[in-house]
Each structure stands twice: as structure tokens, then as C-alpha cells.
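sequence first, then the predicted structure:
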Amino acid sequence: MSHSFSDDRPSTHTPVGLIAVAWALVGVPLVYGLYNTIKAASALFGG
Amino acid sequence: MAVPSFLARERIVARPGFNRWLIPPAALAVHLCIGQAYATSVYKSALVSHFDASLTAIGIIFSIAIVMLGVSAALFGTWVDRNGPRAAMFTSAVFWVAGFVVGGLGIETGQLWLLYFGYGVLGGIGLGIGYISPVSTLIKWFPDRPGLATGMAIMGFGGGALIASPLSRQLMNFYDPAYDGTAGTVPNGDAVAALFFTLAAIYLVFMMFGAFIVRVPADDWRPAGFDPSSVKQKALVTTESVSAANAIKTPQFWLVWTALFCNVTAGIGILEQAAPMIQDFFRTNGTSTVAAATAAGFVGLLSLFNMGGRFAWSTTSDYIGRKPIYMVYLGVGAVLYVLLATVGSSATWLFVLLAALIISFYGGGFATVPAYLRDLFGTYQVGAIHGRLLTAWSAAGVAGPLIINGVLDTQGTPGELVAANYRPALFIMVGLLVIGFVANLMVRPVSSRWHEPKATTPATARADDERSAVR
């Protein structure tokens, strides 16, 4: 995604891999938590 | 108070071309850690047994942490805004982790006061600073979608408990194999202390990761295609700046404080009592038709709706506006509470549906409120204003359990209560939600006399000076 700046500082580029790794680092634990909670909640429906 | 140069705000102003989608993981790295505060029930019984203390004596640990959250967010909010998110996240990590280490030592040495001081006081300070900083940073990176931004961060706080609960059970089982997580087994104190030290190490790594990838946008930055004047067209939304010191002098601040307090108090009423409540609602002739395992599943389902509501409702507020969505939380919430009190015991599915929706509104209220503040007071010191507003959470954290437990104490003995015993407490919550609804209805745009003069807005002036020193 490109963004607008009006200053003259040298520009940078955020590697897509870095963004993917950052999201994975927080996403994997979140999926672990969601999986365990859904497993617990399934008892409500007789699972 | 000056901070070391590697933490300074001017060191983390993003250069042109920086991708803002790196910021939500930074915010989540902090909120997923501090969200552990909602998972303290996992080791509550173990601490009661280890210290030979009452449930109340152990429950106070959580209460101290939530009160300290509000106090520290209110006291350090301006410091957080002035020094930027890296300094704030770093400081939050130090306090949060120190809280676990000192608390773990308290458990290891059998000194309950050390647990109060560690997890309650030190950890609570880490909670307060860590809660507000990522939120205000995301608001600045997503001026086009502030509800989505705050929803992402505060969803993480709800998600933190979802991670910490099963992780804590597995770790305590690892340190004390006799404990298998089922009802009736309790881990020993050494296992809980080891859990504290392990969580401290994990949270230190995650929170430092967030602190070191976070950036703030340059003062004149805006997303491609975003026209700030289009935001101004919406009612209640300002492009002006109001300082935290002035914000608390406005009726708008206290009206939103009241709305948040009422919404949180009502939600805590259900969250506090969730597992026994569903069993009591379906008790006939002294026996509940809802098993303990099913009640635990209900608590899990509420956690999911608490987290999902934070993201979904806050994002929705970007389209329908902050005041209308709060009318939904409080107005529809009041109707749902009436239904819960009157027909909630007629069918389990209806009870679950009503409670889940109420809890989604509870989570939504938390996630939407920073964007509401940003609409009313601008982004200038929104972190500090948010910090002051979180005292409503602290107050609700005391009022909610007091109301529900106080009323239930007058109604009978735990384990023998039925749906009718909950009605007085539920109707008190309805009254609170109506008060909150009226308060929200009275919110009008902030008077121009509270706006900062544009040329002398300190954050702007400082950012101009700093622009040449950015990395």
C-alpha cells in the first residue's frame, strides 16, 4: 500500500516477508488460543 | 522524564514508503500479552490452596491490577503520548514482566503480599501503560479507519486470555504432572511459580518484539487517497486538537465516561457469574440440567464473543458512527437484559444467544471508545485522554461484581439459586444501561473554546523539529 508524504526524507521499503513474519508471530498464538477455546465451547453443544 | 535515546519518539518516526500494516502486529504483540489479566482464574484455586487463603483474598490480586491499570493509564497517559509507543511498550514490558517475576517469588516464598505487590501493583502499571499506547498509535496510522484500528488492538486484549488459559494449564501440567487440568485437581504452588517465571520470559520476548518494530507516522503523513476533510463531514468528528487537561473539563468526556462505566458494569455482571449463572437459570427441584463441562463451554463461548465483538462492532462503527453504535450497545443491550431476566430461562439456546450478544456489546464498548475519543478530541493527546477514561473501567470492575454478588447474597445460597434470584441484579443492570444510553444521547461536539491553537500544538511543533533526525 502506498502512502502520501510531503517531506524530502529518503524513502524506505517494508519487505512483505517482514510483515508476514510479524503477523505470523502474533497470528499463530491467536489461532492456538481460538482452537482451544472453540474446543472448550463445543461442550456447550454436546461436542 | 527523559527516556534513553533508543526509545525516543524521534527515533521511530517512519520514513516515506513505510507499510502501516506492520503496526497492528506490534500492537497485538503487547495486547496479546497483557490480555493474560483475564485468565487469572486458571490458577486461582491453586493459589487459594497454596496460601491457605480465601477466594476473596486471592481475587483481590486481580482487583488491584485493574485498579492500577486505570490509575497508571490516567497518570502516565501524557508521558506515553509525549515519548511515543516504543518507550511506552518497553516500559510496559518491564513492569508487566517484573510483576510476574516478583509475583512468582511471592508464591515461591509463601508471601502473599509480594504477589499483591508484584502482579497487582507492578503488573497493573504495565497493564495501564501497555493498554493505551498501541491504541493511540494505531489511531494515528489509520485515520481513515479508526474503529478498525482500535478494534484490532483491543481484540488482542481479549485474545490474550484465550491464549493464556490453555497455555497456563499445559505449563502447570508440565511442572506438576499430578495436575491434569480436570475438575478436582489443583497444581502445587511450585508449579504456579514456575508458570509465572515462564510467562515472564515469553512475554518479555513478545512485548520487546512489538516495541522494536513499532513506528509513528510523520506529522504530515496520511494514507494514500485519504482526504481528512471527508472525515470532518461526519457529525461529532473533529479535525481540531483538545489536550488531555482540557478534555476532562468538558461534559463530553464525562458523558462518555458514564456510558463506558455503565456498559462495562453491566457486562461484568454476566462475565463474573457466567458459569454458575447458566447452571442456576436451568435448575429445577434443586438440580441443574446444565452440567459443569457445559457451563465451562459457555464461558469459552462468551470469551469468543467478547473478542469478536471488539473487532466486529468497532469496525462497524467506522460506517455507522460512534454515537449510534453506543446507542446499540446501551439501548439494545438494555432490551437484551430485560429478555434475559424475563424469558432467558425458557430455553438454553435463547439464554446463550442473549448472553453472547450482551458480551459482544461489552467488548465492542471497550474497542470503540478510543475512536469515539479521537472523533471528539482529535488525535493530539488521545492516548492520555483514553488513559483518564479507563478509570471508568476500574470503577466498573469494583461496581459490577459488588452489584451481582451483593444482590445474589441476599437471594440465597450459591448452588441453590434459580433464575428468579438473578432478576433484581439484572434489572439494576437494565437501569444502568438506560443511564448510559441517556448519557451517550447527550454527547454533542466539543466547544471550540477547548481547541488547541493550531500553530502552537506541541506535538506538531515537536514533530517538525524532529523530522530531520528520523531514521
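Cool, got the structure.

what stretches of chain A score poorly on pLDDT?
Applying pLDDT under 70 to chain A flags residues A:1-9, A:46-47.

so which residues of it form strands?
Here chain A has its strands, by DSSP state E, at A:3-4.

which residue ranges form the helices in chain A?
Using DSSP state H, the helices of chain A run over A:16-41.

quick one, what contacts the residue most central in space within it?
Centroid check for chain A by Cα atoms, centre = their mean gives residue A:23 as the closest residue, at 3.2 Å. Residue A:23 makes contacts with B:21, B:24, B:25, as judged by Cβ atoms under 8 Å, 6 or more residues apart in numbering or on different chains. Where C-beta positions appear, they are placed from N, C-alpha and C, glycine not excepted.

and the first one, how many neighbours?
It refers to residue B:21. Neighbour count of residue B:21, defined by other Cβ atoms under 10 Å in any protein chain shown: 16.

cool, and the second one?
Residues lying near residue B:24 (other Cβ under 10 Å) number 24.

what helix or strand is the closest residue to it other than its chain neighbours on?
Using Cβ to Cβ, 6 or more residues apart in numbering or on different chains and skipping residues adjacent in sequence, the residue nearest residue B:24 is residue B:152, 4.9 Å away. Secondary structure assigned from DSSP states H and E places residue B:152 in helix B:146-175.

pretty sure residue B:213 sits against residue A:19.
No: counting by Cβ atoms under 8 Å, residue B:213 sits too far from residue A:19 to count as a contact (9.8 Å).

quick check: neighbours shared by those two?
Shared contacts of residue B:213 and residue A:19 (Cβ under 8 Å, 6+ apart): B:22, B:25.

between the two, which is the more surrounded one?
Neighbour comparison, residue B:213 and residue A:19: the larger count goes to residue B:213, with 21 against 17 (by other Cβ under 10 Å).

which SS class is the closest residue to residue B:256 other than its chain neighbours?
Spatial nearest neighbour of residue B:256, chain neighbours left out: residue B:372 (6.0 Å); criterion: Cβ to Cβ, 6+ apart. The three-state assignment at residue B:372 reads helix, by DSSP: H, G, I helix; E, B strand; the rest coil.

mind checking pLDDT for residue B:21?
On the pLDDT scale, residue B:21 is placed at 94.

and the closest residue to it other than its chain neighbours, what does it touch?
Counting by Cβ to Cβ, 6+ apart, residue B:21 lies nearest to residue A:19, which is 5.6 Å off, once chain neighbours are set aside. Contact analysis of residue A:19 by Cβ under 8 Å, 6+ apart lists B:19, B:21, B:22, B:25.

ok, and the most crowded of these?
residue B:25 (25 neighbours).

any figure for the gap between residue B:134 and chain A?
According to Cβ to the nearest Cβ, to the nearest Å, residue B:134 stands 12 Å off from chain A.

so what's the residue count around that residue?
Residue B:134 has 32 nearby residues by other Cβ under 10 Å.

quick one: it is in a strand?
No: Residue B:134 is assigned helix when assessed by three-state DSSP, not a strand.

not counting its neighbours along the chain, what's nearest it?
By the measure of Cβ to Cβ, 6+ apart, the closest residue to residue B:134 outside its immediate chain neighbours is residue B:27, 3.3 Å from it.

give me the pLDDT value at the one you found.
95.

what angle do the host helix or strand of it and helix A:16-41 make?
Here residue B:27, judged by DSSP H and E, is contained in helix B:23-34. With axes from the mean of the first three to the mean of the last three Cα atoms, to 10 degrees defining the directions, helix B:23-34 sits at 40 degrees from helix A:16-41.

and helix B:23-34, how far out from the chain's middle?
Chain-centre distance of helix B:23-34: 13 Å, with Cα atoms, centre = their mean, to the nearest Å.

and the one helix or strand residue B:296 maps to, which residues are buried?
Residue B:296 belongs to helix B:292-320 when assigned by DSSP H and E. By 16 or more other Cβ atoms under 10 Å in any protein chain shown, the buried positions in helix B:292-320 come out as B:294-318.

tally up the residues packed near residue 44, please.
Picking chain A for this. Residue A:44, neighbours per other Cβ under 10 Å, totals 21.

right idea, wrong chain: chain B
Residue B:44 - counted by other Cβ under 10 Å - has 15 other residues nearby.

now do the contacts for it.
Per Cβ under 8 Å, 6+ apart, neighbours of residue B:44: B:55, B:58, B:59.

next, count neighbours for the first one.
I take that to be residue B:55. By other Cβ under 10 Å, 11 other residues sit near residue B:55.

roughly how far apart are it and residue B:257?
30 Å (Cβ to Cβ, to the nearest Å).

tell me the first helix or strand C-terminal of the helix holding residue B:296.
Following helix B:292-320 toward the C-terminus (DSSP H and E): helix B:322-327.

which segments of chain B make up each domain?
B:5-224, B:231-450 (automatic domain parsing).

for residue B:180, the count of nearby residues, please.
12.

I should have written residue B:408 there, sorry.
A total of 20 residues lie near residue B:408 under the criterion other Cβ under 10 Å.

and if you look at residue B:284?
The number of residues near residue B:284, taken as other Cβ under 10 Å, comes to 9.

bridged to it, which residues?
Using DSSP bridges, the beta-bridge partners of residue B:284 come out as residue B:287.

how much space separates it from chain A?
For residue B:284, the distance to chain A equals 19 Å [Cβ to the nearest Cβ].

and what of residue B:90?
Residue B:90 sits 17 Å away from chain A, taking Cβ to the nearest Cβ as the criterion.
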